[in-house]
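S.K.: Fold the following.
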Amino acid sequence: QFEAYVVARMNRATAKDVLPDWQSMSDDELKSSLAGFFAPRQLNFDGCDFTLTCDTLLKLFLILTRTQCRVPVVLQGETGVGKTALIRFIANWVVKSHLVILNVHAGIDRYVIE
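M.R.: Numbering: from 1, shown residues only. Alright, predicted model coming up:
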C-alpha cells in the first residue's frame, strides 16, 4: 500500500502507475522526485550539501508520511550512519523548521532539557 501511496503522490500530473527507478537516478533527479512528492509545495535545494540516495529517499518518504499521519517515528542505528543528518535535512530543506538537537546521556538532568 505504501508503494501505491507514493506513486499517487509523485505522479499527480502524469499517468504513470509505477515508481521510478530511483537507484539509477542522480542526486539532482532524486531531489526533483522529492519535490514532486510534496507538490504543490515548492522545494528549493540550492545550497544543499546533503546527497540523497535511493535508500535515504525511501527513509525520508517513510518518515514524512508517518509524521503527516501523526504516527510517532523512532530512528535507531549505529553511531555515524546518518540519522541526525537525515533529520537535519528534513528540518532545513523539506519542512523548513528550526531543529534543536539534544544529546541525551546518563548525566543529563531536567534543567538542561527545559
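S.K.: Quick check, central residue of the protein?
M.R.: Nearest to the geometric centre of the chain sits residue 60, at 2.7 Å (CA atoms, centre = their mean).
S.K.: three-state assignment of that one?
M.R.: Taken by DSSP: H, G, I helix; E, B strand; the rest coil, the conformation at residue 60 corresponds to helix.
S.K.: need the contact list for it.
M.R.: 34, 52, 86, 89-90, 94 (CB atoms under 8 Å, 6 or more residues apart in numbering). (Glycine included, C-beta is placed from N, CA and C.)
S.K.: Verify the contact between residue 64 and residue 91 for me.
M.R.: No - Residue 64 is beyond contact range of residue 91, at 11.3 Å (criterion: CB atoms under 8 Å).
S.K.: can you pull the contacts of residue 49?
M.R.: Per CB under 8 Å, 6+ apart, neighbours of residue 49: none.
S.K.: phi, psi of residue 29?
M.R.: phi -70, psi -40 (degrees, to the nearest 10).
S.K.: Share the number of residues neighbouring it, please.
M.R.: Residues lying near residue 29 (other CB atoms under 10 Å) number 13.
S.K.: Next: residue 57.
M.R.: Count around residue 57 with other CB under 10 Å applied: 19.
S.K.: Touching, it and residue 30? I think so.
M.R.: Yes - contact criterion CB under 8 Å: residue 57 and residue 30 qualify, at 5.3 Å.
S.K.: anything in contact with each of these two?
M.R.: residue 22.
S.K.: which pair in the contacts of residue 60 spans the largest distance?
M.R.: Spatially, the most separated pair among the contacts of residue 60 is 34 and 86, at 12.3 Å (CB to CB).
S.K.: Between these two, which has more neighbouring residues?
M.R.: Using other CB under 10 Å, the more surrounded residue of residue 34 and residue 86 is residue 34, with 21 against 17.
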